[in-house]
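# below are the sequence and a predicted model for it; my questions follow.
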Amino acid sequence: MSADIMTSMVIPMLKGARMTVLLFIIAIIVSVPLGFVITLAVKSGSRALSGLAHAYIYVMRGTPLLLQLLVICFGLPMIPGVGEYLVLDRFTAACLGFILNYAAYFAEIFRGGLLAIDKGQYEASQVLGFSKRQTMTRIIMPQMFRVVLPAVSNESITLIKDTALLYAVAVPELLHFAQTAVNRDFTIVPFFIAGVIYLIMTLLLTLLFKWLERRFKFE
C-alpha cells in the first residue's frame, strides 16, 4: 500500500479523532460534577428529590446509550407542539446524550464512594465543630475521591470507546472516516488504524489515571 493511500486514510481519521476527543472532554467535564450533584440528591432528606434521582439513574442506566442518542437527536423534534424548539445539531445532541447517560453512572460510583466512608468520620467532624459543608469538602470528598478513582478511571475509558456511537447519529468522528475509507479503498486496513488510534487514546487515559492514583497515594 502506497504512502499516498495511507496518508489519505490516516489524516481524515485523525480529524475524526479530534471530534472523539472533544466529545470525551466535554462529557467528562460536565458529567462528573453532575453525577456528584445527583448523588447528593439521592442522599438528600427529601423523599421526592431522592425518588426523582433514583428514577433518573434507573432510566439512564437501564436503557441503551444508543437509544438515548436516537431519542435526543431524532425523537425530541417529533414531540407535538414543542418539537420545533428541541431541534439540536447532531454534535450538541450527542454531547447532551453522553452527559446525561454518564452522569447516572458516575452518580452510582460516587454513592458507593460515600458509603465506603466510615460513619465515624462524620461524627468526628461534628465533635470538632465542622459545618456540614466543611465536613463534605474537607473531610469526606478527599477520601471519597481516592476510593472512587479506579472506578472513575474504568468508566472514563468506557466513555472514550462509546464515542464510536456517534457514527450512528451521523457525527463525523473517527469510526465514520474509517468506514468511509473502507468503502472507498475496498480494504479493512482503516479499521485496524482506527483500532490503534483508540488504543493510543485509552493508553494515554490509563497513564493519566495511574499518575493520579500515585499522586493521591492510592496504591
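Arrived safely, thanks for sending.
# determine the longest helix present in this structure.
Counting by DSSP state H, the longest helix found in the chain is helix 3-42.
# contacting residues around the residue nearest to Val10 when sequence neighbours are not counted?
Nearest residue to Val10 in three dimensions, chain neighbours excluded: Ile193, at 6.3 Å (C-beta to C-beta, 6 or more residues apart in numbering). For the C-beta atoms, the positions are set from N, CA and C on the backbone; glycine is no exception. Contact analysis of Ile193 by C-beta atoms under 8 Å, 6 or more residues apart in numbering lists Met9, Val10, Met13, Ala178.
# do a quick rundown of the helices in this structure.
According to DSSP H, the chain carries its helices in the segments 3-42, 47-62, 65-70, 90-115, 119-127, 132-134, 141-162, 174-185, 189-215.
# quick check: which ranges of this structure have low pLDDT?
Scanning the chain for pLDDT under 70 picks out the ranges 1-2, 217-219.
# rerun at 80
Scanning the chain for pLDDT under 80 picks out the ranges 1-6, 8, 45, 83-84, 117-141, 185, 216-219.
# returning to what we had before: run the angle between the longest helix of the chain and helix 47-62 for me.
Going by axes from the mean of the first three to the mean of the last three C-alpha atoms, to 10 degrees, helix 3-42 is angled at 160 degrees with respect to helix 47-62.
# for helix 3-42, list every residue counted as buried.
Going by neighbour count (16 or more other C-beta atoms under 10 Å), the buried part of helix 3-42 is 9-10, 12-13, 16-17, 19-21, 23-24, 26-28, 30-32, 34-36, 38-42.
# how about stretch 107-124?
Those would be Ala107, Glu108, Ile109, Phe110, Arg111, Gly113, Leu114, Tyr122, for stretch 107-124 by 16+ other C-beta under 10 Å.
# then stretch 170-189?
Val171, Pro172, Glu173, Leu174, Leu175, His176, Phe177, Ala178, Thr180, Ala181, Val182.
# repeat for stretch 70-81
Applying 16+ other C-beta under 10 Å to stretch 70-81 flags Leu70, Ile72, Cys73, Leu76 as buried.
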